[in-house]
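J.: Need coordinates for the following:
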Amino acid sequence: MSQPALIPADAAQPLDLTTSVDVSPSSIVSRTLLQTPELRVVLFAFDAGQELTSHTSRRRALAQVLTGSCAFFFNGAWHTLTAGTFLHLPPNHPHAVRAGESPFTLLLTLGAEQVTDSPSS
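T.: Residues are numbered from 1 along each chain as shown. Have a look, this model is predicted:
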């Protein structure tokens with residue numbers, strides 16, 4: 001059973017990201033911070049060596065490395081992203097992410113489901 005978002009969609013409130021998720025040696029931890037029809041915000045914690053294999057999303061994704069560093073696959077190659085890096089991934093863009101020798105945290109914001117464009121007249 002999934003947990004509710006930490007921030008209710010109708011509430012204006014702050015959230016301390018440093019205490020919202022803990023690293024686990026047994027799995028990648030993700031915690032939904034906010035969920036609305038327009039967006040979903042998820043906080044991830046990766047332990048050393050953990051990886052999300054290549055995948056795509058129908059949603060526009062904004063990834064922000066909060067702590068540590070990681071290897072992020074996009075545009076057909078691996079790139080090192082460090083704390084403070086912001087990455088935009090358009091819908092349907094193949095990507096993967098893996099931790100190096102240290103844990104890291106990542107804030108992911110997903111836009112609304114991609115709407116298929118109708119043919120132009």
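
J.: Return the residues in contact with the nearest residue in space to residue 38 that is not next to it in sequence.
T.: Nearest residue to residue 38 in three dimensions, chain neighbours excluded: residue 112, at 5.1 Å (C-beta to C-beta, 6 or more residues apart in numbering). To be clear about C-beta, it is placed using only N, CA and C from the backbone, and glycine gets the same treatment. By C-beta atoms under 8 Å, 6 or more residues apart in numbering, the residues touching residue 112 are 37-39, 59.

J.: Can you report how many residues lie near residue 44?
T.: Other residues within reach of residue 44, judged by other C-beta atoms under 10 Å, total 21.

J.: So for the host helix or strand of it, what gets flagged as buried?
T.: Using DSSP states H and E, residue 44 maps to strand 39-46. For strand 39-46, the neighbour count (16 or more other C-beta atoms under 10 Å) marks 40-46 as buried.

J.: how far away is the residue nearest the centre of the chain from residue 101?
T.: The centre of the chain sits closest to residue 108, judged by C-alpha atoms, centre = their mean, with a distance of 2.7 Å. Counting by C-beta to C-beta, to the nearest Å, the gap from residue 108 to residue 101 is 22 Å.
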